[in-house]
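Peer 1: missing the sequence, but the structure's below:
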């Protein structure tokens with residue numbers, strides 16, 4: 001975690017030293033010195049940061065890494081504060097006259113005083129960074145090496161302990177093992193790979209190890225070996241282990257020099273072994289394409305999981321049955337485990353020491369669900385928030401959203417994240433963590449001061465909590481907050497948000513990057529919103545807000561503005577000043593015309609909205625008030641659009657819309673609806689449709705299908721209404 005924090009700060013320091021702000025005096029040299037020192041610290045942390053997570057790691061090193069992380073946060077905050085004070089004059093202060101001149105002088109004095117204060121903080125931070133360096137040298141944190149005979153620095157594969165899980169305790173292991181044995185026995189005479197997949201804790205390693213230990217099963221093969229490929233594996237070690245086990249499986253002695261052979265010799269002896277022990281074709285067909293079978297290991301059904309918990313928790317009882325008074329609690333516990341056998345066994349082993357005391361049993365589910373409920377979250381919402389926080393680094397030829405999606409896909413493939421909802425074209429819509437995985441994440445996040453989930457603790461929280469996440473269990477909102485360095489505030493299923501706490505957010509938390517009120521019964525956004533100069537993500541989706549004030553034009557860093565299903569329909573003209581805006585969504589459903597073609601009411605934009613050239617999603621734009629071609633000329637300037645929704649299109653504007661869409665070469669999703677049920681959609685004049693278009697939805701009357709639709713090679717979903 002310290003390495004990540006330092007890496008983000010280094011990237012921001014490079015930007016800070018560029019043209020983003022003007023540094024006066026020796027301040028630029030001070031910041032450059034900090035950046036260079038952090039570069040060295042980051043290199044060291046890349047080697048040692050994993051050690052902080054180990055229970056037996058040096059407590060002094062943990063404290064040092066924590067200090068590094070907190071100083072990195074301080075650097076980030078001071079940079080933001082410096083830029084906050086480095087703001088241009090307001091428009092009314094740029095006018096002529098005595099009062100305007102006095103206002104300009106006062107502004108300059110305030111700015112210089114604040115910048116000097118920020119500069120003093122930067123120098124203090126430089127001192128802190130130097131102290132970190134000296135402390136690491138004093139206590140030799142920068143020379144940590146593996147000492148012979150000590151294994152604290154040796155990575156331990158967490159799967160190793162699973163070899164000792166008794167398969168008799170796993171209710172469904174037999175059927176899965178039989179299915180796996182059948183798959184291996186029926187393998188064709190060519191290289192065959194059987195992959196056992198499933199989320200962490202479902203019992204993959206246990207299943208494969210029990211199959212491997214089955215003498216009848218492995219007896220079908222001339223040789224066999226059990227190889228554990230850890231995150232820090234070495235090919236030579238794997239080959240050496242494999243050769244030893246293959247010789248031992250045939251009750252033969254391995255080559256004398258196997259422990260000292262290099263990689264080339266090991267490969268050679270392995271090849272010779274395969275040629276010698278089977279036919280001449282053995283090594284040859286290993287080079288050819290292989291059959292790949294995927295054995296998907298699913299979590300246990302609730303009934304089997306409950307039976308497993310009973311057998312484990314009451315393993316010392318003769319009948320191993322759960323008493324009736326504990327049935328409800330066992331059901332609640334297996335729901336939390338979501339059918340993961342190893343999680344059920346772990347909890348059952350803990351409960352086996354508690355006897356049949358209902359009070360002690362009840363404490364466990366209460367402690368496991370004491371924090372935030374495990375709500376599924378929209379993948380798009382998660383991705384845009386990660387981008388706003390700076391967790392996603394750009395790659396050539398890809399948008400940040402596309403890069404972030406690759407991160408999420410990898411987490412899903414590694415079973416760290418679960419898929420909750422998939423849409424009609426196979427894209428993942430919602431995801432969540434398994435309850436037990438989430439407990440680990442929340443616990444670690446709190447330890448690192450990364451997240452605060454209880455608002456009542458904010459008033460006495462003396463360490464920097466970078467993120468506030470508050471759910472419906474929260475009710476004691478503070479009037480005063482200990483520090484205001486928080487970067488994000490996210491609300492889940494809040495029934496009531498006190499105005500006093502809302503006022504604190506907008507007036508005191510000036511370093512906020514993300515503000516998410518989705519689903520909160522909020523009725524207004526105050527003028528102080530414009531003070532959040534650092535804000536990149538703002539969502540008032542599913543709120544009761546009806547109007548955005550002009551101060552939103554001050555949020556020059558804003559990337560996401562989500563007004564979906566709020567009551568905002570007309571945006572202030574100042575929206576056109578948000579040049580970094582990438583995601584703009586605003587519509588709500590009109591309950592009086594729910595079955596109409598225009599049951600959804602979109603947003604109305606002002607002229608010159610084409611200045612928003614960074615927009616990637618624009619959803620939905622109401623064209624009822626537009627008649628001339630100027631709107632479509634502005635629309636054609638939005639060449640980065642990936643998703644576009646147009647409502648209330650008039651027949652006479654169809655050609656202009658087609659001309660504009662042809663300029664959007666990155667467009668992937670397009671939705672168009674006519675102004676009335678009986679209105680024709682004239683969309684036949686598009687000669688060069690966007691080649692990446694995947695989803696197309698047309699609502700209205702078509703005399704015939706536009707010819708350009710047949711050219712859409714990437715189209716996966718076509719909806720005509």
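Peer 2: Received the coordinates, thanks. These numbers come from a predicted model, not from an experiment.
Peer 1: Wasn't residue 696 part of a helix?
Peer 2: No - when DSSP: H, G, I helix; E, B strand; the rest coil is applied, residue 696 is found to be strand, with no helix at that position.
Peer 1: tally of neighbours for it?
Peer 2: Number of residues near residue 696 (other C-beta atoms under 10 Å) recorded here: 21. Quick note: C-beta positions are derived from backbone N, CA and C, even for glycine.
Peer 1: Do me a favour and average the pLDDT over the strand or helix carrying residue 657.
Peer 2: Taking DSSP states H and E as the criterion, residue 657 maps to helix 654-661. Mean per-residue pLDDT for helix 654-661: 93.
Peer 1: can you list the residues that contact it?
Peer 2: With C-beta atoms under 8 Å, 6 or more residues apart in numbering as the test, helix 654-661 has contacts from 629, 632-633, 635-636, 644, 646, 649, 667, 670, 672, 681-686, 689-690.
Peer 1: And the next helix or strand past it?
Peer 2: Once the chain leaves helix 654-661, the next helix or strand it forms, by DSSP H and E, is strand 669-674.
Peer 1: And whichever strand or helix holds residue 177, what's buried?
Peer 2: Element membership for residue 177, per DSSP H and E: helix 173-185. Buried residues in helix 173-185, counted by 16 or more other C-beta atoms under 10 Å: 173, 176, 177, 180, 184.
Peer 1: Could you let me know which of these ends up closest to residue 700?
Peer 2: When the buried residues of helix 173-185 are compared for distance to residue 700 (C-beta to C-beta), residue 176 comes out closest, at 52.8 Å.
Peer 1: show me what contacts the residue nearest to that closest one when sequence neighbours are not counted?
Peer 2: Nearest in space to residue 176, with sequence neighbours left out and distances taken as C-beta to C-beta, 6 or more residues apart in numbering, is residue 207 at 5.4 Å. For residue 207, the contacting residues are 173, 176, 177, 180, 196, 297, by C-beta under 8 Å, 6+ apart.
Peer 1: can you tell me which two in these are farthest apart?
Peer 2: 173 and 196 (12.2 Å).
Peer 1: And stretch 252-271, how far out from the chain middle?
Peer 2: In terms of C-alpha atoms, centre = their mean, to the nearest Å, the centre of stretch 252-271 is found 44 Å from the chain centre.
Peer 1: Same question for that stretch: list its buried residues.
Peer 2: Neighbour-count burial for stretch 252-271 flags 254, 258, 261, 266, 269, 270 (criterion: 16+ other C-beta under 10 Å).
Peer 1: got a list of contacts for that stretch?
Peer 2: Residues beyond stretch 252-271 that count as contacts (C-beta under 8 Å, 6+ apart) turn out to be 235, 236, 239, 240, 242, 243, 244, 247, 248, 283.
Peer 1: Pull out the buried residues from the residues you listed.
Peer 2: Burial by neighbour count, 16+ other C-beta under 10 Å: within the contacts of stretch 252-271 this picks out 239, 240, 242, 243, 244, 247, 283.
Peer 1: circling back: what is the lowest-pLDDT residue among the contacts of residue 207?
Peer 2: Among those, residue 173 has the lowest pLDDT, at 64.
Peer 1: you'd agree residue 322 is in a helix?
Peer 2: No - residue state for residue 322 (three-state DSSP) corresponds to coil; a helix is not indicated.
Peer 1: Isn't it up against residue 310?
Peer 2: Yes - using C-beta atoms under 8 Å, residue 322 makes contact with residue 310 at a distance of 4.1 Å.
Peer 1: shared neighbours of the two, anything?
Peer 2: Counting by C-beta under 8 Å, 6+ apart, the residues touching both residue 322 and residue 310 are residue 330.
Peer 1: neighbour-wise, which of those two wins?
Peer 2: Neighbour tally, residue 322 and residue 310, criterion other C-beta under 10 Å: the higher count belongs to residue 310, 23 against 20.
Peer 1: In stretch 408-420, which of the residues would be classed as buried?
Peer 2: Within stretch 408-420, the residues that count as buried by 16+ other C-beta under 10 Å are 408, 412, 415, 417, 418.
Peer 1: quick one: terminal-to-terminal distance for stretch 564-580?
Peer 2: 19 Å (C-alpha to C-alpha, to the nearest Å).
Peer 1: Report the residue spans of the stretch 551-700 of the chain with pLDDT below the cut-off.
Peer 2: Within the stretch 551-700 of the chain, the stretches with pLDDT under 70 are 591-596, 598, 627-628.
Peer 1: Which stretches in it count as strands?
Peer 2: 560-562, 583-585, 587-589, 600-602, 617-622, 643-649, 669-674, 695-699 (DSSP state E, counting those that start in this stretch).
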